[in-house]
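A.B. asks: Here's my sequence, what's the structure:
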Amino acid sequence: MEKLEIKATNRTPEVSFDFDNNRLKIAGESYPEDVTEFYNPIFDSLDAYLGNLGTGSCRFDFELIYFNSSSAKAIMMLMDKLDEAAENGGSVEVYWYYDAEDDTMEELGEEFGEDLEHAKFHLEKMEG
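C.D. replies: This next block holds a predicted model:
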């Protein structure tokens, strides 16, 4: 599958989906003017990739500094898709990176992680 690369802007995160190496990452800030327009191509690519994952493995890194409530819903949808792939036999590892000084992002990561039933969740502190 072809890589999905979206460069970060001042309102949208960097998206780097290296499907051949099973490494997916979203990093930066997420508060796009139109969340649906920004995230729909990401969902479509992820759905196509996960649909072929089978019992394979993948790693998804979240390195978000800030996101708004609309983006939180999109992130939840991403988590749901990853959890479903794990439920269907895939080995899915989710890494949530947060700044050591950012209690809010740590707590949000914990909350997202609690919702995952099948994917393995890792909460990782980034040292400045």
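A.B. asks: When you work out contacts or count neighbours from here on, use the C-alpha atoms and nothing else.
C.D. replies: Will do.
A.B. asks: Could you export the helix or strand harbouring residue 96 as PDB, CA atoms only?
C.D. replies: Residue 96 belongs to strand 91-99 when assigned by DSSP states H and E. Provided in PDB are the C-alpha atoms of strand 91-99 (Å, rounded to 0.1, in the frame of the first residue of the first chain):
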ATOM      1  CA  SER A  91      -1.400  -7.600  16.800                       C
ATOM      2  CA  VAL A  92      -2.000  -3.900  17.400                       C
ATOM      3  CA  GLU A  93       0.200  -1.700  19.600                       C
ATOM      4  CA  VAL A  94      -0.900   1.900  20.400                       C
ATOM      5  CA  TYR A  95       1.700   4.300  21.900                       C
ATOM      6  CA  TRP A  96       0.500   7.600  23.400                       C
ATOM      7  CA  TYR A  97       3.400  10.000  23.900                       C
ATOM      8  CA  TYR A  98       3.000  13.000  26.100                       C
ATOM      9  CA  ASP A  99       5.200  15.800  27.400                       C
END
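A.B. asks: as a whole number, average confidence for stretch 8-20?
C.D. replies: In this model, stretch 8-20 has an average pLDDT of 97.
A.B. asks: Now tell me what touches it from outside.
C.D. replies: 1-7, 23-33, 49, 64 (Cα atoms under 8 Å, 6 or more residues apart in numbering).
A.B. asks: again, 7 Å this time
C.D. replies: If you take Cα atoms under 7 Å, 6 or more residues apart in numbering as the criterion, stretch 8-20 is touched by 1-7, 23-32.
A.B. asks: and residue 5, that's in a strand?
C.D. replies: Yes. Residue 5 forms part of a strand when assessed by DSSP: H, G, I helix; E, B strand; the rest coil.
A.B. asks: Report the beta-bridge partners for it.
C.D. replies: With DSSP bridges as the criterion, residue 5 is bridged to residue 16.
A.B. asks: What pLDDT is listed against it?
C.D. replies: 98.
A.B. asks: Which parts of this structure are helices?
C.D. replies: For the chain, applying DSSP state H gives helices covering 35-51, 69-87, 103-115.
A.B. asks: now the second one, how far from the centre of its chain.
C.D. replies: Distance of helix 69-87 from the chain centroid (Cα atoms, centre = their mean, to the nearest Å) equals 7 Å.
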